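[1] sharing a sequence plus its predicted fold:
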Amino acid sequence: MNQNKPEPRQTHKTTIDLPIETYEKINRLANDRQTSRKAIIFEIIAEWFGNPGGDLKNQSGKIAVLESTIETLKQQLNEKQATIESTTKSLELANDGIVQAQKLNAIDKHQLGVYQTALANATKTKPFVQRLISAFVPERPPNIGSINSEDYSSSGPSYSSSA
């Protein structure tokens with residue numbers, strides 16, 4: 001008799017239908033551990049019912065797998081944090097751009113109002129003196145002010161000579 005050979009386990013083959021999410025989780029675990037889905041399912045069932053044949057070596061293997069999984073999760077977390085930080089910076093830059101665009105829009109609206117006022121003043125009918133002044137005196141830019149007839153009226157000091 002061969003005493004070194006372990007006793008064969010008595011097994012029974014079972015087929016189960018799993019929800020897609022559960023199957024995908026088992027498949028991911030199997031891929032991460034580089035083992036079969038069958039081994040993962042057996043491990044889960046053994047843990048659920050207790051593992052009478054488990055030994056310390058199996059436990060240290062589980063610890064190594066858990067440590068590896070923790071490291072993988074830490075790496076994924078760091079990557080996601082970096083993504084969040086870069087997205088936050090991008091949003092801040094976009095927000096700054098929006099604020100700048102709003103300021104420029106406000107300036108444009110103000111300038112448009114000034115031009116519309118200047119255009120309205122330029123197109124309304126003016127007295128003869130103002131038309132003469134506008135023909136011979138260069139007009140000031142609209143943001144400085146418009147030409148007033150009082151600026152050229154005779155109410156100021158008189159420069160005529162009386163002899």
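    Good, I have the coordinates. If you're wondering where the values come from, they're calculated on a predicted model, not measured in any experiment.

[2] all contacts plus neighbour counts: C-alpha atoms, from now on.
    Noted.

[3] and residue 110, which of the three is it?
    helix (DSSP: H, G, I helix; E, B strand; the rest coil).

[4] so how far is residue 17 from it?
    From residue 110 over to residue 17 the distance is 70 Å, taken as Cα to Cα, to the nearest Å.

[5] likewise for residue 32?
    Residue 32 is 22 Å from residue 17, by Cα to Cα.

[6] more neighbours: the two, which one.
    The residue with more neighbours, out of residue 32 and residue 17, is residue 32; 13 against 6, by other Cα atoms under 10 Å.

[7] need the contact list for the more buried one.
    With Cα atoms under 8 Å, 6 or more residues apart in numbering as the criterion, no residue contacts residue 32.

[8] how about the strands in this structure?
    Taking DSSP state E, the chain contains no strands at all.

[9] any low-confidence regions in it?
    Along the chain, the model assigns pLDDT under 70 to residues 1-9, 51-61, 139-163.

[10] in it, which spans are helices?
    20-33, 37-49, 56-123, 128-136 (DSSP state H).

[11] between the second one and helix 20-33, what angle do the directions make?
    So the one you mean is helix 37-49. Put simply, helix 37-49 runs at 110 degrees to helix 20-33, going by axes from the mean of the first three to the mean of the last three Cα atoms, to 10 degrees.

[12] and if you look at the last one?
    Between helix 128-136 and helix 20-33, the angle comes out at 30 degrees (the same axes, to 10 degrees).

[13] what is the burial count for residue 86?
    Residues near residue 86, counting by other Cα under 10 Å, number 12.

[14] enumerate every residue touching it.
    Contact analysis of residue 86 by Cα under 8 Å, 6+ apart lists nothing.

[15] how near is it to residue 94?
    With the distance defined as Cα to Cα, residue 86 ends up 12 Å from residue 94.

[16] ditto for residue 13
    Distance from residue 13 to residue 94, by Cα to Cα: 60 Å.

[17] who's more crowded, these two?
    residue 94 (12 against 4).

[18] how close does the more buried one sit to residue 87?
    Computed as Cα to Cα, the residue 94 to residue 87 distance reads 10 Å.

[19] same thing with residue 136?
    On the measure of Cα to Cα, residue 136 and residue 87 end up 60 Å apart.

[20] give me the more crowded residue out of these two.
    Comparing residue 136 with residue 87 by other Cα under 10 Å, the one with more neighbours is residue 87, at 12 against 9.
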